[in-house]
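Q: Structure, please.
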Amino acid sequence: MRRSYPEITARGAEVVAIGTGDARYARSFATDEDIPFRVLVDDDGAAASAASVRRAGWLALMGPASWPGTRRAWKEGFRIHKAGKRVTQLGATFVIGPGSTVRYEHQASDSSDHAAVQAVLATLPQPA
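A: Numbering: from 1, shown residues only. I've put the predicted structure just below:
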């Protein structure tokens, strides 16, 4: 989402990341990765639970099935920094609004599964 942030905001939307670490970790991550949007923390898992975001088992997280995605992410320049308390927490992407309408939802099936930016952009209005 970082690379597409200007296009997302040009369409009148905003990006907010919610992580599993603490506030110090979130600041460090946002600085190290040059994240232009707000990074919040969900240290106790309340937001993930409310959104029914799944968790992975250890085999799915570290087993051979995860290696191709891990290699792809590494080649694309993505790195894992300090892990939060809930290392088995999978990611999810939601496009919400106007109001409380969920316009798009992607629940990760493993740690390397991310929403396609084009799918997210397809739910947003065209730039003015």
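Q: CA atoms for contacts and neighbours, from now on please.
A: Noted.
Q: next helix or strand past the one helix or strand in the chain whose mean pLDDT sits lowest?
A: Sorting the helices and strands of the chain by mean pLDDT, DSSP states H and E puts helix 58-62 at the bottom, at a mean of 66. Going down the chain from helix 58-62, the next helix or strand is helix 67-75, by DSSP states H and E.
Q: OK, contacts around residue 85?
A: 20, 21, 43 (Cα atoms under 8 Å, 6 or more residues apart in numbering).
Q: just wondering, since we're on it, how far is it from residue 47?
A: Between residue 85 and residue 47 the computed distance is 14 Å (Cα to Cα, to the nearest Å).
Q: Over to residue 4?
A: Residue 4 is 24 Å from residue 47, by Cα to Cα.
Q: go on, residue 6?
A: In terms of Cα to Cα, residue 6 sits 26 Å off from residue 47.
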